[in-house]
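K.L.:
what follows is a predicted structure for the sequence shown.
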Amino acid sequence: MSAKLRSLLGAALIIVCTLCAAFVLGDVTESWGWLDTTSNSRYTLTEGTMKVLEKVNRPLKARLYFSNTAVQKVGTDQLKRYVRAYYHARDLLRAYQRKSGGKVQFLEFDPKPFTDTAEEAIELGVRQFELPGDQLFFFGLVVSSDLGPKEVIPLINYNEENLFEYKVSKMIERVAHPTKKKVGVVSSLDVVGQDLSPEMKRLRRFQQQSGGEPWHIVEWLKRDYEVVKVDATAKEIPADLDSLIVVHPKNFGEGILYAIDQYVMRGGKLLVFVDPFCEVDTPPNTPGNPYARFSHPHGSDLNRLLSAWGVKMTPGKIVGDRAIAGMRGNTKLMPYNIFTQTEDCFNKNEVVSEPLSAEKESKVLTGYVGQLEKVDGTKVDVQPLIQTSSTGGTRKFGNMDMMSLQAQPEKLWLPPGEGNPDGFELAGKPVVVAMRMRGKMPSAFADGKPKSLADTNGSDPKKDDKADKKDKKSEHRKESSDAAAVVVIADVDMISNNMVVQPQSFFGSPYANTAVVLNALDFLNGSGDLMSIRSRSAGRREFDRIKEIERRAADRTSDKVSQINREIETLQKKMRELQDKATEKNVGQLRGEALQQERETQRVIAKKKKELRDVQAKARDEVESVKRAAEVANVMGMPLLVFLIGLVLWLGSLFKRSNKMREDMA
C-alpha cells in the first residue's frame, strides 16, 4: 500500500472516529443529563422544578403526542415550526424523568389516522387538526396518575417554549396535589359570566346574543383555580377564598368596599384592575337618547381603599409613551401601549414582573392605561411592577375628548397650547401603571364599620353562643396582618377578550397579558416554586444583524409611507381650495381643473406606492440573503471543521514522513 493511500485512509478514519465520538457523546449526555451547553441552559431544570419534583408523592405519567409522520408528509412552513418545539418538549420531558428518580414516567406517541393512539389522544383531551392528504395533526401533553387526576395541554404553542417548563411543573403539581385554590372575582362587568349549558351557549351564539359567557381570562383561571363569582352588592367576602380579583370597581357601594377592606385586613390577597377609561364598559342601548354614550362614565378607581394602603390612581388621566406606543398601519401612533423589556418596562427585582424582565421578547398590551402613584408618607412596602420608558407622560381627558382621540389618535401627542389646554405632558421619568403592596396596612375605615351597614336589630340576651362567636369573627379590624398583599394594575382592557386569547387558541398570543395575571396570582397565593420557573429565556435567538436590517427597512418604509401621506394630504388640500373658489361663472372651468388635479393625484399615489414596494422588496431580499448565509453556515460548518481537522492532521503526517525520508537519504 502506497504512503499516499495510507494517508488518505488515515484522514478518512479520523473523520469517521470524530463523527462517531460526537454521536456517542450525544447519547451519553442525553442519558446522564449532565452537559447542557446552551447559552440559557434551556435543557436544565430550574431549582423551582426540582422542588416541585421533590414533593411528588405518587407515580405520574407524562404522555407527549406529536404527529411527526404527518408533519414530514405535509411539510408546510407553519407545521415545521412545531418540529423545533417538539424536540424542545421531548428533551425537557426526558430531563423530568431523569431528575424525578422515576416518579415521572415519560412516554411519547406519534398518532396516525384511524389508530388506537389517535383515539386515546382525543379521549384524553388533546386537540386534533385535519391536514391535507387525510392526515391528522396532534401536539399535546397529558400528565396523569393512576388515581385519576389529569392535566392536559390540548395544543402546545410553538412560540411559548420559554413557558413550557412552567406549564409542565404546574401540571405535575396539580396532579400530585389535585386540590385547587379558590379565587373570587367581583366586578361591575359581567366577567365571570353565567353558568350556561353548552346547548344554551350555542343557542345564544346562534341568536347573536352577547354576554353570558366568561371572559377568556376566566377560562385561563379555571384551568388552575376554582373561580367563584362574588356579587358587587355583597356585604361580606367569603372567608374560604385564597385570593380575590377586583375588576373595574365602578360605582361600588360602601358595603362591598368595606367587605374588601376587611378581607385584606384579615390577611386576604387582592388583585385589582382599575381603569381611567375602560373601552369594554359600553353604555347601555338607549334608542330614545342618542347622546347617552357621551355621558356614560367609563372610568373606575379604588382610591377609597388604595389611598389608605399606600397607592392611588390619578383619575381623568391616561398614560402615553412614544417609545412603546402601538401603530395603526405604518403611520399613526395610537394611545395604546406595548410594554417591553427592551424599554426597561418590567421590574426585574419583583417576583411578579421578574419573569417578564428575564424574557427579552416579553410584551404586555394595554388600552387607555392609568397612572399609579405612591402615597406620600405611607409605611407600606410599595414597589412598581410595570412602567413606561423615561419618555412616558400623561394627558387629561373627558368623554367627548376621548371620542376625538379614538377617531384621531395622533392628537394624544399634541402638547398643551392654545385651544388644547389638556395636552400631552412628559413626566420626566417612567410612569408607573402596575404596583405591588405588602405588609401591615391600615383600614380605610378608620372609624370602624359604617353606620349604614351596622346591625339595626336590638340585642337579644337569649342569643346562642354561636352568634357571639360569629360576631367576634366579623368584628372590625383596624390593621392588617403582615401577610396582607395587594397588586394593582391600572387597565381593565388588558384582560378583556380584545387582548387575551382563548386557552385553546391554535396560534397563542404574542403578548404576555395572561402571564401577568397568573404571575400575580402565583405571587399572592404563595406559589414560590412555580413563580421561579414561570418564564425562561426564549429558545429562539435572533441574529443581531438580521434584526438590524429589518429595523432599518422598517424605518425606511415608515418614512416613505409618511411622505406619501403628506403629499396626498397636500394635494387634497389644494383640491378643496379649488372647490372653495367655485362660483356660478367659473364652475365649469374649475371642475375641469379639479378633474385634472385628481388624475395627477392618482398618478403620484401610484408612483409612490411602487417606490414603496421596491424598498420593501429590496429590504426583504437583503434579509433573506443573510438568512440563507446563516443556514448554509449552520449546515456546512461542522462537516467543514471536521474536514479541516483531518486535512491538517494528514498534512502534518505527510510533512513528518517527508522529513524522515530526507533524513534517511542524507
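P.N.:
Cool, got the structure.

K.L.:
could you say what helices and strands the host helix or strand of residue 385 packs with?
P.N.:
Using DSSP states H and E, residue 385 sits within strand 381-387. When contacts are defined as 3 or more C-beta pairs under 8 Å, 6 or more residues apart in numbering; DSSP states H and E, strand 381-387 sits against strand 432-438, strand 485-489. In this view, the C-beta of every residue, glycine as well, is placed from N, C-alpha and C.

K.L.:
turn those into TSV, including distance to residue 187.
P.N.:
What follows is these, written out as TSV (distance: least, C-beta to C-beta, whole Å):
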stretch	distance to residue 187
strand 432-438	18
strand 485-489	14
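
K.L.:
tell me which of these is the most buried.
P.N.:
Among the helices and strands packed on strand 381-387, strand 485-489 has the highest mean neighbour count (mean count of other C-beta atoms under 10 Å), at a mean of 26.

K.L.:
partner strands of that strand, with direction?
P.N.:
Within its sheet, and counting by DSSP bridges, strand 485-489 is paired with strand 269-273 (parallel), strand 432-438 (antiparallel).

K.L.:
for the ones you listed, which one sits closest to residue 129?
P.N.:
With C-beta to C-beta, the closest approach to residue 129 among the strands paired with strand 485-489 belongs to strand 269-273: 34.1 Å.

K.L.:
need the residues that contact the closest one.
P.N.:
Strand 269-273 is contacted from outside by 242-249, 260, 263-264, 302, 306, 484-489, 491-492, 494-495, 517, 520-521, 524-525, using C-beta atoms under 8 Å, 6 or more residues apart in numbering.

K.L.:
re the thing from before, could you export the helices and strands packed on strand 381-387 as JSON lines, including distance to residue 275 and mean pLDDT?
P.N.:
As requested, the helices and strands packed on strand 381-387 are arranged in JSON lines below (distance: least, C-beta to C-beta, whole Å; pLDDT from 0 to 100):
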{"stretch": "strand 432-438", "distance to residue 275": "11", "mean pLDDT": "95"}
{"stretch": "strand 485-489", "distance to residue 275": "9", "mean pLDDT": "95"}
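
K.L.:
compare these and report which one is nearest to residue 654.
P.N.:
Once the helices and strands packed on strand 381-387 are compared by C-beta to C-beta, strand 432-438 is nearest, at 68.7 Å.

K.L.:
give the buried residues for stretch 362-378.
P.N.:
Buried residues in stretch 362-378, counting neighbours by 16 or more other C-beta atoms under 10 Å, are found at 362-372, 374, 378.

K.L.:
now render the strands paired with strand 485-489 as TSV, adding distance to residue 132.
P.N.:
Conversion of the strands paired with strand 485-489 to TSV gives the following (distance: least, C-beta to C-beta, whole Å):
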stretch	distance to residue 132
strand 269-273	44
strand 432-438	45
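
K.L.:
which one of the ones you listed lies nearest to residue 445?
P.N.:
Using C-beta to C-beta as the measure, strand 269-273 is the one of these that comes nearest residue 445, at 15.6 Å.

K.L.:
please enumerate the helices of the stretch 1-150 of the chain.
P.N.:
3-32, 47-54, 68-74, 77-99, 116-124 (DSSP state H, counting those that start in this stretch).

K.L.:
who are the packing partners of the second one?
P.N.:
Translated: helix 47-54. Looks like helix 47-54 contacts helix 77-99, helix 164-176, helix 528-531 (3+ C-beta pairs under 8 Å, 6+ apart).

K.L.:
mind checking which of those is nearest residue 297?
P.N.:
In terms of C-beta to C-beta, the element of the helices and strands packed on helix 47-54 nearest to residue 297 is helix 528-531, at 36.4 Å.

K.L.:
quick revisit: please work out which of the helices and strands packed on helix 47-54 is packed deepest.
P.N.:
Greatest average neighbour count among the helices and strands packed on helix 47-54 goes to helix 164-176 (a mean of 23), per mean count of other C-beta under 10 Å.

K.L.:
pick out the shakiest of the helices and strands packed on helix 47-54, pLDDT-wise.
P.N.:
Mean pLDDT values for these show the minimum at helix 528-531, a mean of 63.

K.L.:
distance of residue 129 from residue 138?
P.N.:
Here residue 129 is placed at a distance of 8 Å from residue 138 (C-beta to C-beta, to the nearest Å).

K.L.:
which of those two has more neighbours?
P.N.:
Between residue 129 and residue 138, counted using other C-beta atoms under 10 Å, the more crowded position is residue 138 (25 against 14).

K.L.:
now do the more buried one against residue 85, distance only.
P.N.:
Look at residue 138 and residue 85: by C-beta to C-beta, they are 13 Å apart.

K.L.:
rewinding a little: worst mean pLDDT among the helices of the stretch 1-150 of the chain?
P.N.:
Confidence, taken as mean pLDDT, is least for helix 3-32 of the helices of the stretch 1-150 of the chain (a mean of 59).

K.L.:
just say helix, strand or coil for residue 214.
P.N.:
coil (DSSP: H, G, I helix; E, B strand; the rest coil).

K.L.:
use 340 as the first number for this chain going forward.
P.N.:
Sounds good: first residue 340 from here, last item residue 553.

K.L.:
in terms of pLDDT, where does it sit?
P.N.:
Looking at residue 553, the pLDDT reads 91.

K.L.:
the residue nearest to it when sequence neighbours are not counted: how many residues sit nearby?
P.N.:
Nearest non-adjacent residue to residue 553, counting by C-beta to C-beta, 6 or more residues apart in numbering: residue 532, 3.7 Å away. Look at residue 532: counted by other C-beta under 10 Å, it has 15 neighbours.

K.L.:
surely residue 532 and residue 551 touch.
P.N.:
Yes. With contacts counted by C-beta atoms under 8 Å, residue 532 reaches residue 551, the gap being 5.7 Å.

K.L.:
quick one: average pLDDT of stretch 577-591?
P.N.:
The average pLDDT within stretch 577-591 is 95.

K.L.:
again with stretch 718-731
P.N.:
Averaged over stretch 718-731, pLDDT sits at 92.

K.L.:
rank the helices and strands of this structure by mean pLDDT and give me the bottom one.
P.N.:
Sorting the helices and strands of the chain by mean pLDDT, DSSP states H and E puts helix 804-812 at the bottom, at a mean of 52.

K.L.:
show the contacting residues for residue 815.
P.N.:
Neighbour list for residue 815: 601, 782, 784, 787-788 [criterion: C-beta under 8 Å, 6+ apart].

K.L.:
still on that earlier bit, out of the helices and strands packed on strand 720-726, which is closest to residue 1003?
P.N.:
strand 771-777 (82.2 Å).

K.L.:
buried residues, stretch 818-835. List them.
P.N.:
Those would be 819, 823-835, for stretch 818-835 by 16+ other C-beta under 10 Å.

K.L.:
for those, which one is nearest residue 658?
P.N.:
Out of these, the member with the shortest distance to residue 658 (by C-beta to C-beta) is residue 829, at 7.8 Å.

K.L.:
secondary structure class for the residue lying closest to that closest one once chain neighbours are set aside?
P.N.:
Excluding the flanking residues, the one nearest residue 829 by C-beta to C-beta, 6+ apart is residue 709, at 3.4 Å. Assigned with three-state DSSP, residue 709 falls in the coil class.

K.L.:
so residue 709 makes contact with residue 771?
P.N.:
No. Applying C-beta under 8 Å as the test, residue 709 and residue 771 come out as separate, 9.9 Å apart.

K.L.:
ok, residue 635 - contacts?
P.N.:
So residue 635 contacts 620-623, 738 (C-beta under 8 Å, 6+ apart).

K.L.:
give me that answer again for 6 Å
P.N.:
residue 622 (C-beta atoms under 6 Å, 6 or more residues apart in numbering).

K.L.:
likewise residue 446?
P.N.:
So residue 446 contacts residue 402 (C-beta under 6 Å, 6+ apart).

K.L.:
can you give me every residue that contacts residue 615?
P.N.:
With C-beta under 6 Å, 6+ apart, residue 615 has these contacts: 638, 657, 709.

K.L.:
for it, phi and psi?
P.N.:
Note on residue 615: backbone dihedrals following degrees, to the nearest 10 are phi -70, psi -30.
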